[in-house]
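Trainee: Here is a sequence together with a model predicted from it:
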Amino acid sequence: MEARNVKAFGANAADAPLKELMINRRGVGAEDVAIEILYCGICHSDLHYARDEWHDAMPTVYPCVPGHEIVGRLTEVGSAVTKFKTGDLVGVGCLVDSDRTCPNCQAGLEQFCPNFTLTYGSPDKHTGGVTYGGYSESVVVDERFVLRVPENLDPAGVAPLLCAGITTYSPLRHWKVGPGKKVGIVGLGGLGHMGVKFAHAFGAHVVVFTTSPGKKDDALRLGADEVVVSTNPDEMQKHAGTFDFILDAVSAEHDLNAYINLLKIDGNLTMVGAPEKPLRIAVFPLLFGRRSVSGSPIGGLPETQEMLDFCGEHGITADVEVIPVQQVNEAYERLLKSDVKYRFTIDMSSLKAE
Ligand code: NAP
Ligand code: ZN
């Protein structure tokens, strides 16, 4: 297939709504596959990026086409492709390339490659512009960055696994969450609800911290053993000094110290949420407890495949509200109000109908 123009949905400025636009996709090279996109999840990162909220760390290049929770069918494979054949159900997450030679790439930790290419907003080595994400009809990707999707899972619910799934699975594995561990998940959104499902599946005692009392029953259904409404200081205090690990998936400014106080000696709080502004940390609770605060970005390709296979074996998918692409702007507004159960996924066939 030659390079061609395809339909996409994107923004032309930080304060502009997303709308239909045309983007160029490269031709299928020897090691590439072409994917017809069936579903694309809406990550809060898409919103941060479309509105240039991460300006200091990674300024947005317009027009921008977000979307890094891609599930689709292969429509074409390059002459040297070995992993896939036409018709396969596949996924693409936040990465579409890396330098493949650095120690991190060699170790399968492409998320730490200093020269990685993000699915959207990175310099595009092939077209010379920037990469465009999954809010589009199709995408061409090197087969190394394409994941196999278990056919027993609902593809709409699989899409969010490609970012929300791996971003929570990876730190829970890294910090050895399992039986006998008391684990907190802060923020029951797209990432948080996957964190609950995985921590529960790994056998931990799971406590959800939410600012939304109305999510209590859902949290228990998703796998939580306890739910704490974090705006209630008495409820919080009951858990002081008891957690082995806390995963914070909050998208906005909030008080980390309230959670650091809940950690045991040597307990760890890992941020996966990426709020726009820096957060303040009081040092004394860290000192008197040898506690630590860290962060974690997505995950490498091998671990992403491991996560998808784990989901296939355990029947795990995201809880999704499927929307047509024309409702993306409305979905962004609802995301800001924590009004989604628990991930929006775009049915990309709606773009064809435009
Ligand atoms: P989301 O679906 O909007 O969920 C965020 C949740 O945070 C909300 O559902 C809400 O949960 C809670 N929350 C929101 N505003 C809050 C506030 N002001 N104070 C306290 N809690 C608040 O977002 P998401 O897609 O899961 O993404 C979460 C964050 O992770 C975003 O910043 C995103 O950019 C980032 N992210 C990071 C990575 C990574 O690699 N580290 C990957 C993907 C996304 P409750 O209603 O339960 O309180
Ligand atoms: Zn994401």
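Mentor: Thanks, I have the structure now. Ligands and ions are numbered 1, 2, ... in the order given.

Trainee: contacts and neighbour counts: CA atoms only from here.
Mentor: Fine.

Trainee: quick one, longest helix in the protein?
Mentor: Ranked by residue count and defined by DSSP state H, the top helix of the chain is helix 301-314.

Trainee: Give me the contact list for it.
Mentor: Contact with helix 301-314 is made by 108-110, 145, 147-153, 161-162, 165-166, 169-170, 316-317, as judged by Cα atoms under 8 Å, 6 or more residues apart in numbering.

Trainee: Show me where the stretch 1-150 of the chain has its helices.
Mentor: Secondary structure of the stretch 1-150 of the chain (DSSP state H, counting those that start in this stretch): helices at 44-50, 103-106.

Trainee: Also the stretch 151-300 of the chain?
Mentor: Secondary structure of the stretch 151-300 of the chain (DSSP H, counting those that start in this stretch): helices at 155-158, 164-174, 190-201, 216-222, 233-237, 257-260, 284-287.

Trainee: Which residues of the stretch 51-200 of the chain lie near ligand 2?
Mentor: Neighbours of ligand 2 within the stretch 51-200 of the chain, by Cα under 5 Å from the ion: Cys163.

Trainee: Name the residue of the stretch 201-350 of the chain that lies nearest to ligand 2.
Mentor: Ile298 (7.9 Å; Cα to the ion).

Trainee: how about the nearest residue to that residue, chain neighbours excluded?
Mentor: Counting by Cα to Cα, 6 or more residues apart in numbering, Ile298 lies nearest to Thr167, which is 4.0 Å off, once chain neighbours are set aside.

Trainee: do Val71 as well
Mentor: Nearest residue to Val71, sequence neighbours excluded (Cα to Cα, 6+ apart): Gly91, at 4.5 Å.

Trainee: Verify the stated contact: the one you found with Pro150.
Mentor: No. With contact defined as Cα atoms under 8 Å, Gly91 does not count as touching Pro150 (9.9 Å).

Trainee: what about the two, which has more around it?
Mentor: Gly91 (31 against 20; other Cα atoms under 10 Å).

Trainee: So for that one, what pLDDT did the model give?
Mentor: On the pLDDT scale, Gly91 is placed at 98.

Trainee: and the residue of the chain positioned farthest from its centre, how far is that from Phe243?
Mentor: For the chain, the residue at maximal distance from the C-alpha centroid (Cα atoms, centre = their mean) is Phe288, at 33.3 Å. For Phe288, the distance to Phe243 (Cα to Cα, to the nearest Å) stands at 15 Å.

Trainee: For stretch 79-87, give me every contacting residue.
Mentor: With contacts defined as Cα under 8 Å, 6+ apart, stretch 79-87 is touched by Gly29, Ala30, Glu31, Asp32, Val33, Arg73, Leu74, Thr75, Glu76, Val77, Glu143.
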